[in-house]
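>>> I'd like to go over a predicted model; first the sequence, then the structure.
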Amino acid sequence: MRRLAPFGLLVCLSTLAGTVLAVDRGQYDHVPPDIRAWFKSVIAPNGVPCCDISDGHRTSYDVRGGAYWVPIEGQWMQVPERAVIRDQGNPIGEAVVWYVHHRGSIIISCFVPADAV
């Protein structure tokens, strides 16, 4: 399992016009523009922008039986294969998971492993 130091969170929202914006209230001033751009540009395997549907969280992860597992809100969850993104690089070198709460459940929409190329 990989352990991470404390980190920030890049929060993404979509506007009514469909444009993806990073919410920045000054807490992300230390995040370089290329990293911000990467978070906003990651596309899920189904073609939906990850930041258009949920927030990106840097995360630790584990591989069990060939599947990725991530801790979300104190619970280890298996990442669905449909959410794994391996071909869009990873300039931060740490895994990132995007998820949403939906009808009492947590839905993982995107996951980029630390070593994605």
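Thanks, I have the structure now. Residues are numbered from 1 along each chain as shown.
>>> identify each buried residue in the lengthiest helix in the chain, please.
The single longest helix within the chain, with elements called by DSSP state H, is helix 33-41. Neighbour counts over helix 33-41 (16 or more other Cβ atoms under 10 Å) mark 38, 39, 40 as buried. In this view, the C-beta of every residue, glycine as well, is placed from N, C-alpha and C.
>>> how about the helices in this protein?
Taking DSSP H as the criterion, the chain carries its helices at 33-41, 50-53.
>>> which strands or helices does the first one pack on?
Applying 3 or more Cβ pairs under 8 Å, 6 or more residues apart in numbering; DSSP states H and E, one finds that helix 33-41 makes contact with strand 9-14, strand 20-23.
>>> pull the CA atoms of it into CSV?
In CSV, the C-alpha atoms belonging to helix 33-41 read as follows (Å, rounded to 0.1, in the frame of the first residue of the first chain):
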residue,chain,number,x,y,z
PRO,A,33,-0.9,25.8,-13.7
ASP,A,34,0.1,22.6,-15.5
ILE,A,35,-1.1,20.4,-12.6
ARG,A,36,-4.4,22.4,-12.5
ALA,A,37,-4.8,21.9,-16.2
TRP,A,38,-4.2,18.2,-15.9
PHE,A,39,-6.8,17.8,-13.2
LYS,A,40,-9.3,19.6,-15.5
SER,A,41,-8.4,17.7,-18.6
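>>> re earlier: comparing the helices of the chain by mean pLDDT, which bottoms out?
Here the lowest mean pLDDT among the helices of the chain goes to helix 50-53, at a mean of 72.
>>> for residue 75, which non-adjacent residue is spatially closest?
Leaving aside its sequence neighbours, residue 75 sits nearest to residue 106 (Cβ to Cβ, 6 or more residues apart in numbering; 7.9 Å).
>>> from what I can see residue 40 touches residue 51, true?
Yes. In terms of Cβ atoms under 8 Å, residue 40 counts as a neighbour of residue 51; the distance is 5.2 Å.
>>> mind checking the helices of the chain for the one nearest to residue 85?
Closest approach to residue 85 among these is made by helix 50-53 (7.7 Å; Cβ to Cβ).
>>> please, where are all the strands along the protein?
Per DSSP state E, the chain carries strands over the ranges 9-14, 20-23, 55-59, 62-64, 67-72, 75-78, 95-102, 105-112.
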